[in-house]
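Engineer: Have a look; sequence and predicted model below, questions after that.
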Amino acid sequence: DKLLLPVDEKPMVRHAVDAARAAGLGPIVVVTRPEASQIRAAIGPTGVRWVINEAPDAGIGRSVAAGVADVIGRASAAIVVLGDMPWIRAVHLRTLAGAWRPDVDRAVVPTFGGRWGNPVLWSEAAFEALTGLRGDRGGRDLLRSGAGVRTVEMPDDAILRDIDSPEDIRG
């Protein structure tokens with residue numbers, strides 16, 4: 001599992017949880033496949049909520065849907081942080097949260113050099129649509145209309161960098 005690969009001396013997936021905790025966000029929900037005991041061990045007893053995606057092969061959309069469904073009624077927004085983006089830090093998450101205007105924004109999208117990236121903050125106004133996601137596209141299609149979508153410039157390109165191969169770890 002690529003999420004267990006070491007990045008800066010800890011498992012890749014641990015970076016997302018540590019960033020959320022350092023940003024003061026909560027509840028922190030981790031979505032995993034049913035047989036994810038190694039992911040649980042890599043994250044450790046860190047006070048996260050575990051949500052099982054019973055259909056992990058259905059794509060990232062299904063994982064986003066499962067995580068968002070878990071926070072309905074308990075959160076007014078959710079930042080979807082991907083486990084394969086280990087360079088995301090608390091500053092990125094705090095910047096998203098600080099830019100969010102709950103009465104106006106449906107989503108807050110990070111940018112760097114004019115390019116959209118991840119993670120994205122979603123207002124609860126988008127939760128219902130997010131719980132219907134399937135496939136490998138995540139919420140990108142929901143952002144295309146532009147209605148209620150705010151962008152916020154980030155201090156670096158971490159929002160554009162994920163790990164798809166061992167070469168990506170070296171940056």
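Structural biologist: That came through fine. Residues are numbered from 1 along each chain as shown.

Engineer: In the chain, where is pLDDT below threshold?
Structural biologist: Along the chain, segments meeting pLDDT under 70 span 170-171.

Engineer: show me where the chain has strands.
Structural biologist: Along the chain, counting by DSSP state E, strands occupy 6-7, 10-11, 29-32, 49-52, 77-80, 107-112, 115-116, 120-123, 149-153.

Engineer: and the fourth one, C-alpha only, in CSV?
Structural biologist: Translated: strand 49-52. The C-alpha coordinates for strand 49-52 follow below in CSV (Å, rounded to 0.1, in the frame of the first residue of the first chain):
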residue,chain,number,x,y,z
ARG,A,49,-12.8,8.5,13.7
TRP,A,50,-12.5,5.4,11.4
VAL,A,51,-14.9,5.0,8.5
ILE,A,52,-14.8,1.9,6.4
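
Engineer: residues in contact with it?
Structural biologist: Contact partners of strand 49-52, identified using CB atoms under 8 Å, 6 or more residues apart in numbering, comprise 27-34, 36, 40, 66-67, 69-70. Using the backbone N, CA and C atoms, a C-beta is placed for each residue, glycine as well.

Engineer: Now flag whichever of those residues is closest to Thr95.
Structural biologist: Using CB to CB, Ile28 is the member of these that sits closest to Thr95, with 17.9 Å.

Engineer: what about the most centrally placed residue in the chain, distance to Glu167?
Structural biologist: Central residue of the chain (CA atoms, centre = their mean): Val81, 1.5 Å from the mean position. Distance, Val81 to Glu167, by CB to CB, to the nearest Å: 23 Å.

Engineer: Could you do Phe127 as well?
Structural biologist: 36 Å.

Engineer: Please identify which of these two sits among more neighbours.
Structural biologist: Phe127 (19 against 8; other CB atoms under 10 Å).
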